[in-house]
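J.: how does the following fold in three dimensions:
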Amino acid sequence: MKQVAFQGEFGAFSHEAALAAGGPDVSCVPCQDFDALFGIVESGGVESGVVPVENTLVGSVAENLDRLHASSLHAVAETLVRVEHCLISATAERRLVDINSVASHPVALAQCRGFFATHPHIRRVVSADTAGSVRELAEGRLGADAAIASRLAAERYGCAVLRPGIEDHSTNYTRFLLVTRVHVPKMGPAKTSVAFTLSGGAGSLHEALGAFAARDLDLSWIESRPILGRPWEYRFYVDVREAPAAALADALDELEASGAGVKVLGRYHEAPQPPAMAEG
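T.: Below is the predicted model of the structure:
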């Protein structure tokens, strides 16, 4: 049976990503943190793992880009998970008017400001994890009347969804990469994630980006990260959308010839865009 590691507890949005990436027969393996996830995949303990790298509301998960760059793993697929925050109670008999406190991860609480604004009597309680708050709710030790988490968490722990979709923005998605030890070549145009440093000197970033522009390669995403131990120097992460392999190879050769450090993090087919995002 295929195994996919994810960070967090069963019922987390990362758990949903593992299910989506691995298919119906996947065995999902929870990890305490991302370092543990990368470690278990690199060691061969688990075949692959799902790693969040970008959210439509809060931006990049930059530390995971650095972890991927420092590892020997390859990104071989991507998946998008719709982040729907649900108000969850221990039983279906509980009414909204009976809820005086709600617990969840601080990011989830912050993404539901509108709900709390229209229910000012409900107190927010910070917890370490969305799914974990539902597990503790089911066990009777949460310290709050309800939790905010995914539908999957409610189903996993036998709780009830009192109100679905209480998040402020319906276009809240997280992009995950499936990472493995083995590189899987993709035929034809595919999305490619690349990391590079600059050769230095005035105009070096312009020259680096020009290597892609000269070949009509579409950069769908760019992120810069400081390089540890080298103050004021940066590593750039880019996604090249649906790039023909030959054109991309020429661009990367030009970058390397200029003295830039280049590493391909993965090549994979782009996940279909949800209708709401495609229309936007």
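
J.: which residue ranges form the strands in the stretch 151-280 of the chain?
T.: Taking DSSP state E, counting those that start in this stretch as the criterion, the stretch 151-280 of the chain carries its strands at 160-163, 173-180, 190-197, 218-226, 234-243, 262-268.

J.: residue 248 versus the closest residue to residue 199 other than its chain neighbours, what's the distance?
T.: Using Cβ to Cβ, 6 or more residues apart in numbering and skipping the chain neighbours, the partner closest in space to residue 199 is residue 259 (3.5 Å). Quick note: C-beta positions are derived from backbone N, CA and C, even for glycine. Between residue 259 and residue 248 the distance, using Cβ to Cβ, to the nearest Å, works out to 19 Å.

J.: and residue 128, by the same measure?
T.: According to Cβ to Cβ, residue 128 stands 41 Å off from residue 248.

J.: between these two, point out the one with more neighbours.
T.: A count of neighbours by other Cβ atoms under 10 Å puts residue 248 above the other of residue 128 and residue 248, at 21 against 13.

J.: that one reaches residue 216, doesn't it?
T.: No. The criterion here is Cβ atoms under 8 Å, and residue 248 misses it with residue 216 at 11.2 Å.

J.: quick one, domains of the protein?
T.: 3-82+173-180, 86-163, 190-268 (automatic domain parsing).

J.: format those domains as CSV; extra columns: mean pLDDT.
T.: Formatted as CSV, the domains of the chain follow (pLDDT from 0 to 100):
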stretch, mean pLDDT
domain 3-82+173-180, 94
domain 86-163, 94
domain 190-268, 88
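
J.: and of the ones you listed, who's closest to residue 274?
T.: domain 3-82+173-180 (6.6 Å; Cβ to Cβ).

J.: where along this structure do the helices fall?
T.: 13-22, 34-42, 62-70, 106-110, 113-118, 130-138, 151-156, 204-213, 245-257, 275-279 (DSSP state H).

J.: gap between the residue nearest to residue 14 when sequence neighbours are not counted and residue 258?
T.: In space, residue 14 comes closest to residue 6 once its chain neighbours are excluded; the distance is 4.0 Å by Cβ to Cβ, 6+ apart. Counting by Cβ to Cβ, the gap from residue 6 to residue 258 is 38 Å.

J.: neighbour-wise, which of the two wins?
T.: Neighbour tally, residue 6 and residue 258, criterion other Cβ under 10 Å: the higher count belongs to residue 6, 28 against 17.

J.: I'd say that one and residue 32 touch.
T.: No. With contact defined as Cβ under 8 Å, residue 6 does not count as touching residue 32 (11.1 Å).

J.: now residue 198: closest residue in space, sequence neighbours ignored.
T.: Distances taken as Cβ to Cβ, 6+ apart place residue 204 nearest to residue 198, at 4.3 Å, with adjacent residues excluded.

J.: distance check, the one you found against residue 234.
T.: 11 Å.

J.: hey, what's in contact with both of the two?
T.: Here residue 204 and residue 234 have residue 198 as joint contacts, going by Cβ atoms under 8 Å, 6 or more residues apart in numbering.

J.: got the CA coordinates for stretch 158-167 in CSV?
T.: Below are the C-alpha coordinates for stretch 158-167, written out as CSV (Å, rounded to 0.1, in the frame of the first residue of the first chain):
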residue,chain,number,x,y,z
GLY,A,158,-17.2,11.6,15.4
CYS,A,159,-18.2,15.3,15.9
ALA,A,160,-20.8,17.4,14.2
VAL,A,161,-20.5,20.3,11.8
LEU,A,162,-22.8,23.1,13.2
ARG,A,163,-22.0,25.6,10.4
PRO,A,164,-19.8,25.0,7.3
GLY,A,165,-17.8,27.6,5.4
ILE,A,166,-17.4,30.2,8.2
GLU,A,167,-14.1,31.5,6.7
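
J.: what does that stretch rub up against?
T.: 83-92, 94-96, 99, 111-112, 114-115, 134, 137-138, 146-148, 151, 153-154.

J.: so which bits of it are buried?
T.: 159, 160, 161, 162, 163, 166, 167 (16 or more other Cβ atoms under 10 Å).

J.: buried residues, stretch 53-69. List them.
T.: 53, 54, 55, 56, 60, 61, 64, 65, 66, 67, 68.
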